[in-house]
Structures are given as C-alpha cells and as structure tokens.
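Novice: Build me a model from this:
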Amino acid sequence: QLQLVESGGTLVQPGGSLRLSCAASGSTFDNYAIYWFRQAPGKEREGVSCITSGGGNTYYTDSVKGRFTISRINAKNTVYLQMNSLKPEDTAVYSCAQGRTSRCSTYAVSSTAAWGQGTQVTVSS
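Specialist: Now for the predicted structure:
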C-alpha cells in the first residue's frame with residue numbers, strides 16, 4: 001500500500017481558494033484511485049471527491065460540485081484538490097486515501113487501503 005502525506009491546509013477567508021496536495025510514496029501510485037475525505041468537528045467523515053488511477057474520471061459530492069477540482073500527476077505521485085469559493089461549512093480536516101482498485105467506488109472506508117494523516121482547512125473571516 002501507499003504512504004500518503006497531505007499538505008496545503010490553512011486558514012482562508014470565505015470566498016477564497018486553496019489547493020491541497022496528497023503526495024504518495026510507492027511505485028504503484030498510478031494503479032490506484034485516490035479519494036479525498038473530510039471530517040468537521042462533531043460530524044461524520046464525508047467523502048468529497050475521487051479520481052481514477054489514470055485521471056480520466058472524477059467524482060464529487062454534491063456540496064462541492066462546481067467549486068472543487070481533483071487532479072493528479074502520476075509522474076509526481078501527487079493528487080491535488082483545488083478548492084474555490086470556499087465556505088465556512090468547508091471547514092474540516094481533509095484526508096486523502098488510496099483506493100483498493102483503479103476505479104472509484106463508494107465513499108467508504110471499505111473502499112480504501114491507506115490514509116494520510118490529514119490537513120486542517122479553516123474557512124473563517
């Protein structure tokens with residue numbers, strides 16, 4: 001399985017933008033789909049987005065469609081989450097996770113094989 005490290009989280013004002021990165025170690029990075037999840041204080045973990053192994057298909061939860069964009073550069077073993085028009089309700093710890101296959105499946109822990117430690121995103125004025 002991959003080792004994943006997220007970065008890019010910080011405090012940002014409402015309406016602002018942020019790009020998160022998920023860097024992976026391991027030679028099989030391009031074999032797997034990558035997910036982004038988030039968890040806000042007192043709330044359940046929520047699946048945010050997923051990208052297939054080759055990057056040809058992307059998926060988003062309804063609340064972020066049109067605002068977030070997931071992408072990957074397999075030559076750099078990195079997945080990105082570009083977040084625009086941020087809202088206070090986007091405040092959460094964001095974590096990336098390796099999928100079990102090359103395809104995206106349901107946003108569930110059972111669909112994943114490895115996780116990063118998470119990065120805090122706070123949207124506040």
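Novice: Run a quick neighbour tally on Gly55.
Specialist: Per other C-beta atoms under 10 Å, the neighbour tally for Gly55 reads 16. For glycine as for every other residue, the C-beta is placed from the backbone atoms N, C-alpha and C.
Novice: Can you check the pLDDT for it?
Specialist: Looking at Gly55, its pLDDT is 95.
Novice: What of Thr101?
Specialist: 95.
Novice: Let me know the distance separating it from Leu2.
Specialist: As defined by C-beta to C-beta, to the nearest Å, Thr101 lies at a distance of 13 Å from Leu2.
Novice: what's the answer for Ile34, then?
Specialist: Per C-beta to C-beta, Ile34 is found 9 Å from Leu2.
Novice: what is in contact with these two at once?
Specialist: Common contact partners of Ile34 and Leu2 (C-beta atoms under 8 Å, 6 or more residues apart in numbering): 24, 98.
Novice: Between these two, which has more neighbouring residues?
Specialist: Using other C-beta under 10 Å as the criterion, Ile34 and Leu2 rank with Ile34 on top: 27 against 22.
Novice: Run through the residues that contact Asn98.
Specialist: Careful, residue 98 is Gln and not Asn. If you count contacts by C-beta under 8 Å, 6+ apart, Gln98 has them with 1-2, 4, 24, 32-35, 112-115.
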